[in-house]
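Undergrad: no sequence on this one, just coordinates:
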């Protein structure tokens, strides 16, 4: 399970800019192991809190160059003969990708 985190206001090392735009986020990988982790709500919330906190600390200690390098490597992975792209769509819009021939020419489903 991944928890999205907005890093823009949480990184101490990031200079705060009065006028900024765009997203600066990361997914915090949450590892829940049935049988090992308890299913009580407060323990699940603590697991999420600790994971988010650890992710923010790790990102804050990492140099901007390393972060950009890691992100660019994610988006530079080959997929067949092109670049991998993630698209999140509402279910109502998925048929547009499945039926449009121009889109189908460029993507593998």
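TA: Good, I have the coordinates. For clarity, every value in this text was computed on a predicted model and none was experimentally measured.

Undergrad: strands along this protein, start to end?
TA: Along the chain, counting by DSSP state E, strands occupy 2-6, 25-29, 78-79, 82-83.

Undergrad: for the last one, the averaged confidence score.
TA: Here strand 82-83 scores 58 as its mean pLDDT.

Undergrad: got it, and stretch 98-106?
TA: 75.

Undergrad: any low-confidence regions in the protein?
TA: Residues of the chain meeting the criterion pLDDT under 70: 1-2, 8, 14, 17, 19-25, 67, 70-87, 106-109.

Undergrad: looking at it, which helix is longest?
TA: Counting residues, the longest helix in the chain under DSSP state H turns out to be helix 41-61.

Undergrad: what packs against that helix?
TA: strand 2-6, strand 25-29 (3 or more C-beta pairs under 8 Å, 6 or more residues apart in numbering; DSSP states H and E). (Each C-beta comes from the backbone N, C-alpha and C, glycine too.)

Undergrad: mind listing residues that contact it?
TA: By C-beta atoms under 8 Å, 6 or more residues apart in numbering, the residues outside helix 41-61 that reach it are 3, 5, 7, 10-13, 26, 28-32, 37, 67.

Undergrad: from the residues you listed, list the buried ones, please.
TA: By neighbour count, with 16 or more other C-beta atoms under 10 Å, the contacts of helix 41-61 hold 5, 7, 10-11, 26, 28, 30 as buried.

Undergrad: as CSV, those residues with distance to residue 89 would be great.
TA: Below are these laid out as CSV (distance: C-beta to C-beta, whole Å):
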residue, distance to residue 89
5, 23
7, 25
10, 28
11, 30
26, 22
28, 23
30, 24
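
Undergrad: among the residues you listed, which two are most distant?
TA: Using C-beta to C-beta, the buried ones among the contacts of helix 41-61 span at most 19.9 Å, a distance reached by 11 and 30.

Undergrad: okay, residue 13 and residue 46: tell me how far apart.
TA: Note on residue 13: its distance to residue 46, by C-beta to C-beta, to the nearest Å, is 26 Å.

Undergrad: thank you, goodbye.
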